[in-house]
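Undergrad: Dropping a prediction and its sequence here:
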Amino acid sequence: MDIRQPRHHPARRLMLSAMLCLGAGGAHAETQHLVLNGGNAVSGLHAKSLLGDVDGSFSQVKGQLDYDLSDQTCKVDMTMTVDSLKVDSAVMRKLMLSGALLDADKYPTMHFSGHCVPLVKDGKVITQLSGELTMRDQTHPVTFITQMIFNHNTLVKLRSSTTFDQRRWGVSTMLHTVHPMVSSTAEITLDSTAATSAAPAASKS
């Protein structure tokens, strides 16, 4: 396949080349559908407190991913069961699920729904996953930066990350003992048989 575009702006050529590379698997790319579960989708968070840093992930995840590599678009819908949060420390897990923070008893699920938007920034192709996060029965916009990770021409993973102020969702800082900023990650595996050493197709910056 000839992917040369000599008459386009360099940034536009980069976008076109990336799109053609993504669609190299077939002449007519189609929207692909993937059912998400705890086996192929991981949703995690990182928080800081005076008691120490907290790294956790939700073992119960469900939803769906629809993506079209010909134009680098996708739609993601994920629901996380809050009390499936796994944290190394039992004390920190109890704190995270308490009424002051995630309040798992009153708000048993978290939900994210969004779509991918490919952009060219500083001469590099990046993908923003923009959508809305519902937590503690409150919904606010959140934007992730997403890496598309390949093994040769096969897309094997989508890895997304963002940082947000959890106070917008009514989460307490417990008299400033919990840092208000939380990092959130989501990793979706599309091809579990591919090598894990695949290189990212786009940079975060």
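TA: Sure thing, it's come through. Keep in mind the model is a prediction, meaning the values are calculated, not measured.

Undergrad: Surely Met92 is within a helix?
TA: Yes. Met92 sits within a helix when classified using DSSP: H, G, I helix; E, B strand; the rest coil.

Undergrad: if I look at it, how far off is Gly44?
TA: Remark: distance between Met92 and Gly44 (Cβ to Cβ, to the nearest Å) = 14 Å. Using the backbone N, CA and C atoms, a C-beta is placed for each residue, glycine as well.

Undergrad: What of Leu158?
TA: In terms of Cβ to Cβ, Leu158 sits 14 Å off from Gly44.

Undergrad: Could you do Lys94 as well?
TA: Distance, Lys94 to Gly44, using Cβ to Cβ: 18 Å.

Undergrad: just checking, what packs against the strand or helix carrying Phe112?
TA: Using DSSP states H and E, Phe112 falls within strand 109-121. Packing partners of strand 109-121 (3 or more Cβ pairs under 8 Å, 6 or more residues apart in numbering; DSSP states H and E): helix 10-22, strand 73-81, strand 124-135, strand 138-151.

Undergrad: swap the cut-off to 7 Å and go again
TA: Judged by 3 or more Cβ pairs under 7 Å, 6 or more residues apart in numbering; DSSP states H and E, the packing partners of strand 109-121 are helix 10-22, strand 73-81, strand 124-135.

Undergrad: which residues touch it?
TA: 11, 14-15, 72-82, 125-135, 146 (Cβ atoms under 7 Å, 6 or more residues apart in numbering).

Undergrad: tilt between it and strand 138-151?
TA: 60 degrees (axes from the mean of the first three to the mean of the last three Cα atoms, to 10 degrees).

Undergrad: higher neighbour count, Lys94 and Gly44?
TA: Neighbours were counted for Lys94 and for Gly44 using other Cβ atoms under 10 Å; Gly44 has more, 17 against 11.

Undergrad: The more buried one should be in a strand, yeah?
TA: Yes. Assessed with three-state DSSP, Gly44 lies in a strand.

Undergrad: what sits against the closest residue to it other than its chain neighbours?
TA: Distance criterion Cβ to Cβ, 6 or more residues apart in numbering; nearest residue to Gly44, sequence neighbours excluded, is Ser57 at 4.0 Å. By Cβ under 7 Å, 6+ apart, Ser57 lies in contact with Val42, Ser43, Gly44, Lys86.

Undergrad: will you turn those into a markdown table that also has pLDDT and distance to His33?
TA: As requested, the contacts of Ser57 are arranged in a markdown table below (pLDDT from 0 to 100; distance: Cβ to Cβ, whole Å):
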| residue | pLDDT | distance to His33 |
| --- | --- | --- |
| Val42 | 96 | 19 |
| Ser43 | 97 | 19 |
| Gly44 | 96 | 24 |
| Lys86 | 96 | 28 |
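
Undergrad: Just among those, which is most surrounded?
TA: In those, the most neighbours by other Cβ under 10 Å go to Ser43, 26 neighbours.
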